[in-house]
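Engineer: Here is the input, now give the coordinates:
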Amino acid sequence: MSMTKSEFIPKWRYWCKRIIISLAIILGVVLVWHLCLSFDMSNRIRSHGVHGSASDEMLSISINPLTNLISITIVMPPDPDGSNPFSALGSTLVDSMFHAIGPGLTAIIDEKLNTQAREKFDLYAMLVPYRVHLSTKKATPEAFAKIQEEREKRRAEEAKVKLQSIRAYAAANLLLKNVQVSQGERFGKTVDSVFGTIENNGTKTLSKVTVRFYFLDSARKRIGEKDFSPVLVSKYSFDDNTPLRPGYRKDFGYSVEDKAPSGWSKEVEADIVDIEFSEEQDKDKSVPAMEKHPYAPNLLLKNVQVSQGERFGKTVDSVFGTIENNGTKTLSKVTVRFYFLDSARKRIGEKDFSPVLVSKYSFDDNTPLRPGYRKDFGYSVEDKAPSGWVKQVEAEIVEMKFLDE
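Structural biologist: Numbering: from 1, shown residues only. The predicted model follows:
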C-alpha cells in the first residue's frame, strides 16, 4: 500500500518531534546530574573552610559548572617595602616555587577530577573535561590586614568554643579527688608535693588533662600557680602514656618544693584548665584489629594473676603470666594491656607492657617468640595502678608484629 506525499510529511514531523524531545530529556538529565555533582563539590570545598571570597581568605576557589573551569587563586602578601631584604628574597622564592610546581599540580588535579567524573558517570564532564586554572594575586596592604584580622577573629571564636566545651565536660564529668599537700620523695630527698586523683565519669576518652594548682597564703589568698598534666598521650612523652578512658581514674603526685613562692602555707586549690579529647573515643584501634587478626587465635595468655614481686629490694604488687605462640610465625613484638579492676570488676585504669620486644634499643630480653615458644613475664604495677584497685586485672593482647615485618 503506497503512501502519498501529504501523508508522509506528518509522520516525518511526528518522529522528529519524538526524537528531539527524547534528546532534550536525556541532555536535561545529564546536565542536572552534573549540576548536582558540582553543587556537592562546592559544598565539600566550603565545608573544609575554603570560601569563595578572596577578601577574607588566602585561598579562593570558584567553579563554573557550565565550562567546568575551576579557578584557584592564591592571595599573596603585599610586596615588601624594601626595608627588609629578606622579605623581598622570600617573596621571590615563593613566586619561583609557584611557577615551578603550578603546572604539575594543575595536571594532577585535572586527572583526579576527571577520573572522579568517570567513576560517578558524569557524562557532561566526560564531554567537557574539568580544567584547573591556578593563579596568584597580590593583596593590597589593607586587604591583607583584613585577612589577618578575620583569621585572628576566627581563631578567637574557635578557642572560645573549645573553652566552653572543655568547661562543660570537665564540670559534668571530671572529678578531682583527695587533692592534698604531703611529703614525697625526689632524688632521695623528702620534698613538699601535691597528690590527688582525677576521675573520668563521662563517655569520652581524654588524651590530655591539665590541672592547675594555686598556692595559698595563710589568708587562703592565691599567691602563685603551676600547671601539670597527669594525663598526656604523646609520642614525645617519657611518662605514662595512657589515655583517661570513660570510668578510669588516675592518681598523681608532683613535687612543688621549688615551684611554690615564699609565703606559701602548704595549702592548694586545684582546677582543671585544659583537656583534649582522644581521636579514638570508644576503644583503641589496635584492640578490635587484634580481635579480628587471623593470627590472634594462635596467641594464648595463660595464668595471668596479681601476686607479690620484688623491685629494688622491696616487695611490690606485680602482674605475672605466660604468653604462648601456637602458630607457625615468629613474633618480634607482642604488647599486652592490663586493665585494673575495682570491687565491682569495673575497669578503672590500664597499662601496656611488651613481654616480647626485639629491638636494637631494647635493654631487656631480645628474644623473638618463635612457633611453639612461650614467654613468662612479670611486671611491677604498684605505682601504675589507680586508687580503688582491688588487685585484680584483665589482660588482652593489643599489638603484635612478625619478625619479617
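Engineer: From now on I want contacts and neighbour counts done on CA atoms only, so please keep to that.
Structural biologist: Noted.
Engineer: any chance you could map the helices in the stretch 1-150 of the chain?
Structural biologist: Under the criterion DSSP state H, counting those that start in this stretch, helices of the stretch 1-150 of the chain are mapped to 5-47, 85-119, 123-127, 141-173.
Engineer: would you list those in CSV and tack on mean neighbour count, distance to S359 and mean pLDDT?
Structural biologist: Formatted as CSV, these follow (neighbours: other C-alpha atoms under 10 Å; distance: least, C-alpha to C-alpha, whole Å; pLDDT from 0 to 100):
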stretch, mean neighbour count, distance to S359, mean pLDDT
helix 5-47, 13, 44, 77
helix 85-119, 13, 40, 74
helix 123-127, 17, 53, 85
helix 141-173, 14, 40, 85
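Engineer: Out of those, which is closest to S193?
Structural biologist: helix 141-173 (24.0 Å; C-alpha to C-alpha).
Engineer: That closest one: what's the following helix or strand?
Structural biologist: strand 174-186 (DSSP states H and E).
Engineer: who's in contact with that following strand?
Structural biologist: 190-202, 255, 266-268, 270 (C-alpha atoms under 8 Å, 6 or more residues apart in numbering).
Engineer: How much space separates the closest residue in space to T322 that isn't next to it in sequence from K401?
Structural biologist: The spatially closest residue to T322, leaving aside those adjacent along the chain, is D376, at 4.3 Å (C-alpha to C-alpha, 6 or more residues apart in numbering). Distance, D376 to K401, using C-alpha to C-alpha, to the nearest Å: 18 Å.
Engineer: And for D258?
Structural biologist: 44 Å.
Engineer: Helix or strand, whichever it is, which one in the chain has the lowest mean pLDDT?
Structural biologist: helix 286-292 (a mean of 60; mean pLDDT, DSSP states H and E).
Engineer: Following element in sequence after it, please.
Structural biologist: Immediately after helix 286-292, counting by DSSP H and E, sits strand 299-311.
Engineer: and that following strand, which strands flank it?
Structural biologist: strand 314-325 (antiparallel) (DSSP bridges).
Engineer: So what touches the strand it pairs with?
Structural biologist: 298-310, 369-382, 391.
Engineer: how about a cut-off of 6 Å?
Structural biologist: With contacts defined as C-alpha atoms under 6 Å, 6 or more residues apart in numbering, strand 314-325 is touched by 298-310, 371-382.
Engineer: List buried members of the residues you listed by neighbour count.
Structural biologist: The neighbour count (16 or more other C-alpha atoms under 10 Å) marks 299, 301, 304, 306, 309, 374, 378-382 as buried among those.
Engineer: and of those, the nearest to K146?
Structural biologist: Looking across the buried ones among the contacts of strand 314-325 and measuring by C-alpha to C-alpha, the closest to K146 is V381, at 56.1 Å.
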